[in-house]
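Colleague: Fold the stuff below for me.
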Amino acid sequence: SPEEVLKRMEARATKFGLEIEYSPYGEDLGANFIRPRRELEENPDWLNDTLHVYGVDRLSTQEIMQYFEDYSPSYILWLDDSSGNVVFSDANNARRALYNHAQAIRLPPPKPAEG
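Modeller: Have a look, this model is predicted:
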């Protein structure tokens, strides 16, 4: 359980005289976002030079631009406190940023059908 893992970490830190930094912001960031996630429109207009980012409540424009700096970001179009669109110099840089920074979403395996 998460509580047991935390207790083991604290015991190990005490043993070696270390302090645990639980979060760089001093709080559990978890999934508590300022704004709820928006669903995609049925037939959106695709912007090939743009990536949508969500969950960036506590990041500044500068921090996001630095995160993508190897891919020539041009600017961020903030949509609300939790999300924005990072616009790149061209579609190729947006694809490279997506390829190098995206992570697969791991879903739990489907439950077998009963019967």
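
Colleague: got a pLDDT number for Asp90?
Modeller: For Asp90, the pLDDT comes out at 96.

Colleague: So which residues of this protein form strands?
Modeller: In the chain, the strands defined using DSSP state E lie at 50-54, 73-78, 83-88.

Colleague: residues making contact with the last one?
Modeller: Residues outside strand 83-88 that contact it (C-beta atoms under 8 Å, 6 or more residues apart in numbering): 35, 37-38, 47, 49-56, 64, 68, 71-79, 94, 97. Backbone N, C-alpha and C define where each C-beta goes, glycine included.

Colleague: do that again at 10 Å, thanks
Modeller: Contact partners of strand 83-88, identified using C-beta atoms under 10 Å, 6 or more residues apart in numbering, comprise 33-38, 47-57, 59, 61, 64-65, 67-68, 71-79, 93-98.

Colleague: Work out which residue lies at the spatial centre of the protein.
Modeller: Gly55 (5.7 Å; C-alpha atoms, centre = their mean).

Colleague: how about CSV for the strands of the chain, with mean neighbour count and distance to Met9 added?
Modeller: As requested, those are arranged in CSV below (neighbours: other C-beta atoms under 10 Å; distance: least, C-beta to C-beta, whole Å):
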stretch, mean neighbour count, distance to Met9
strand 50-54, 17, 29
strand 73-78, 16, 35
strand 83-88, 20, 32
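
Colleague: Out of these, which is closest to Ala13?
Modeller: Using C-beta to C-beta as the measure, strand 50-54 is the one of those that comes nearest Ala13, at 32.9 Å.
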